[in-house]
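let me see the structure of the following:
(chains A, B, C and D)
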Protein chains: 2
Amino acid sequence: MHVQAVHVESNGEWERTMPAIGTNCFTCQARHRTEWCVLSDDELRLIDDNRVGRELLPGEVLFNEGDDCRGVYCVETGLIGIRKYDAEGNSILLHLSMPGETLGYRALLTDTDFKASAEALEPSRVCFIGNRTVRSLLEQNPALGLRFLKRASNELEEAEEKIFHNVTLSVRARFAHLLAVLIDRTLNETDEAAGAEIRLPISRTDMASMIGTTPESVSRTIRKLEDEGIVHFSGIGGRTLTVPDLETLANEFEPQEYL
Amino acid sequence: MHVQAVHVESNGEWERTMPAIGTNCFTCQARHRTEWCVLSDDELRLIDDNRVGRELLPGEVLFNEGDDCRGVYCVETGLIGIRKYDAEGNSILLHLSMPGETLGYRALLTDTDFKASAEALEPSRVCFIGNRTVRSLLEQNPALGLRFLKRASNELEEAEEKIFHNVTLSVRARFAHLLAVLIDRTLNETDEAAGAEIRLPISRTDMASMIGTTPESVSRTIRKLEDEGIVHFSGIGGRTLTVPDLETLANEFEPQEYL
DNA sequence: AAACCTCAATGACGGTCGTCAAGTGAAACC
DNA sequence: GGTTTCACTTGACGACCGTCATTGAGGTTT
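Got it, this is the predicted structure:
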């Protein structure tokens, strides 16, 4: 009952041995953020015994759209981008997965292939947990299913808000909103003070695809926002972002309260 | 243990007596399409004893964005539209709920208020099931949670495809896709032959909001598609749709296979 | 160090699509 | 019956934004 399906599912890039100290499910720094936090120690051990860890460098692919789902992927550190490709091969960045997020649970539950690709955007550590393990835990502990249900509900809410934004807001407003979200995420991660420098994890092209526009429009929007002193980009590739006042940025996408 | 919380939650529009013959959970025509189909007869009886039915006319509101979630709503017949409103009061139609769909489960699970409004688009019959009943069933029967999880997963997939479409397709392509979806739905419901007349359940304005554009653009798009013989609108309000060839319509949004 | 590559920035151009306005028809109301 | 109202249609205009092409900066390779 230890590494059953894993050997079939693993390839050279995945660990074949037990992971190093400090990187197991019990000491995992993202543990309390995952859905697995409802599991008992025994149940968590089942995962720990059956998982396979992997380090990914930026650009490395975790899975591709259309791949069969053999299990779920739990992000321990780093940042994973979820993409889809259109007919011309352009990629649309749909979602950014932070440490603690589990990917692929939808494909597992609906018994379909992956509907998007996953790729590391920063150096990341990800654990793979095979279908069999997840399914047995879901049967064994109903609370786990409910946790995933909450997660799916939240993601659905996000997705609908995104649809709403794409429809009702301008490129400028959507971009301002994206920046606010990116700032919020990194602040939550690093607990830095507001107004600090943020290192953007994604390219202009990816940011453009996230808000449904082109890199050129993003560049022009950045120019305008800089001219107005709302944001400041610096550093190599213009990937360092400084926002003097978060309120001013928020005004770009939050309609003024009508007095 | 019968109508406990219901009296608090109900108002004059909801039944206070047991529903008429032919409209209970066991004879409900939408029953096999709902998540509740995994329940035992005893469990289903618990719902049947605690539900409250209601008939809605087009335009009547089931719940509003921001309302507290007191339970879920199960669509038995008709059509319910899920809307959000932007700052100027324009509504965006996010989703069409068909018979068998249960609304509000997300707000229940995430313990938040409703993030959108629900309104009848056709004469509809909807049953209300209080929080307490749903929660006890979720605890009692883990399969129910998993069913809702599958449902959420599917909705999420739909939402992400919608985002993808809004970003990558033109107004014309998105409109063609919307028509194809509407045709598909009514055909599945009525089992008519393809190429038949379809009565559109929603206004131009609503269709426009669904694909993220304006009524004017929809009108112009319709004009062009009609000139090319791809679709034909007739009847009052131009709400009767005829599509001679579904393939031709599909070509508008499905990129040509590159040979 | 030169060649090469990727990504970002910027300008020019054009088209799609949103906005404004007027006009029509159908349903609803008094 | 007349008026109002609302949704749809159609036209004119223009802005936003997407496309194409050029340039430059930074990093990597040989």
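
burial measure for residue A:57, as a count.
Residue A:57 sits with 10 neighbouring residues when counted by other Cβ atoms under 10 Å in any protein chain shown. Heads up, the C-betas are built off the backbone N, CA and C, glycines and all.

now it: closest residue in space, sequence neighbours ignored.
Distance criterion Cβ to Cβ, 6 or more residues apart in numbering or on different chains; nearest residue to residue A:57, sequence neighbours excluded, is residue A:123 at 5.8 Å.

measure the one you found to DNA strand D for me?
14 Å (Cβ to the nearest atom of the strand, to the nearest Å).

do whatever helix or strand that residue lives in and DNA strand C meet at all?
Secondary structure assigned from DSSP states H and E places residue A:123 in strand A:117-130. No. Judged by Cβ under 7 Å from any atom of the strand, strand A:117-130 stays clear of DNA strand C, getting no closer than 11.5 Å.

again with stretch A:242-256
No. Judged by Cβ under 7 Å from any atom of the strand, stretch A:242-256 makes no contact with DNA strand C; its nearest approach is 13.3 Å.

what mean pLDDT does that stretch have?
Averaging pLDDT along stretch A:242-256 yields 85.

what residues of that stretch count as buried?
Buried residues in stretch A:242-256, counted by 16 or more other Cβ atoms under 10 Å in any protein chain shown: A:243, A:249, A:252, A:253.

those residues also near chain B: which ones?
For chain B, no contacts are drawn from these by Cβ under 8 Å from any Cβ of the partner chain.

adding secondary structure and distance to DNA strand D, write the residues you listed out as CSV.
Shown next, in CSV, are the buried residues of stretch A:242-256 (DSSP: H, G, I helix; E, B strand; the rest coil; distance: Cβ to the nearest atom of the strand, whole Å):
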residue, secondary structure, distance to DNA strand D
A:243, coil, 20
A:249, helix, 17
A:252, coil, 12
A:253, coil, 12
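
out of the residues you listed, the closest to residue A:230 would be?
Distance to residue A:230 across the buried residues of stretch A:242-256 (Cβ to Cβ) is lowest for residue A:249, with 5.9 Å.

now the closest one: how far from residue A:200?
As judged by Cβ to Cβ, to the nearest Å, residue A:249 and residue A:200 stand 14 Å apart.

one more: residue A:63?
Distance from residue A:63 to residue A:200, by Cβ to Cβ: 25 Å.

do the same with residue A:58
Residue A:58 sits 13 Å away from residue A:200, going by Cβ to Cβ.

and if you look at residue A:28?
Distance, residue A:28 to residue A:200, by Cβ to Cβ: 26 Å.

neighbour-wise, which of these two wins?
residue A:28 (23 against 19).

all strands for chain A, in order.
A:52-56, A:61-63, A:71-85, A:91-97, A:102-103, A:117-130, A:197-199, A:232-234, A:240-242 (DSSP state E).

mind checking pLDDT for the residue lying closest to residue A:124 once chain neighbours are set aside?
Nearest non-adjacent residue to residue A:124, counting by Cβ to Cβ, 6+ apart: residue A:78, 2.5 Å away. Turning to residue A:78, the model gives it a pLDDT of 92.
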